[in-house]
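Colleague: just need the structure, nothing else, for what follows:
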Amino acid sequence: MTLLGNEVMKKVRTIFLLRRIAAPFVVFVAATAIIASTVSVGNVIANMPDLVDIRAVTSFFVAAFAHTDIVIKCALVAGLAFLIMTLKGAIESLRLASSLERA
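Modeller: Residues are numbered from 1 along each chain as shown. Have a look, this model is predicted:
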């Protein structure tokens, strides 16, 4: 391949990788916004027990989730689902990026 062809392919790969990484990042930002808009993070942190006591932290989050409105529960579940899908997509994009760089 010529020098020009190599440069063009390098730019094509760069644009392809940026698209693959940008889409999960946008979903991640949306999921974070959903969770931050439905939960008062400052109050949760202030009322939370020490992170060292795993059993107390688990019971705290279970009780907090059990005592919220159904709309908030749905938003949290949707936000967490988006977050998991975003992380999965980001990991797949990074694997694809590393395999393309090797080729």
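Colleague: which helix or strand contains Arg20?
Modeller: helix 3-38 (DSSP states H and E).
Colleague: mind listing what's buried in that helix?
Modeller: By neighbour count with 16 or more other Cβ atoms under 10 Å, helix 3-38 contains the buried residues 17, 20, 24, 27-28, 31, 34-35, 38. For the C-beta atoms, the positions are set from N, CA and C on the backbone; glycine is no exception.
Colleague: farthest pair in the residues you listed?
Modeller: Maximum pairwise distance among those (Cβ to Cβ): 32.8 Å, between Leu17 and Thr38.
Colleague: so where's the chain shaky on pLDDT?
Modeller: Within the chain, the segments meeting pLDDT under 70 span 1, 100-103.
Colleague: ok so, going back, following the helix holding Arg20, which helix or strand comes up?
Modeller: helix 41-47.
Colleague: measure Thr32 to Val44 for me?
Modeller: To Val44, Thr32 is 15 Å away according to Cβ to Cβ, to the nearest Å.
Colleague: for Ala23, that is, sorry about that
Modeller: 29 Å.
Colleague: and for Leu4?
Modeller: To Val44, Leu4 is 56 Å away according to Cβ to Cβ.
Colleague: then Ser37?
Modeller: Note on Ser37: its distance to Val44, by Cβ to Cβ, is 14 Å.
Colleague: same deal with Ile35?
Modeller: 11 Å.
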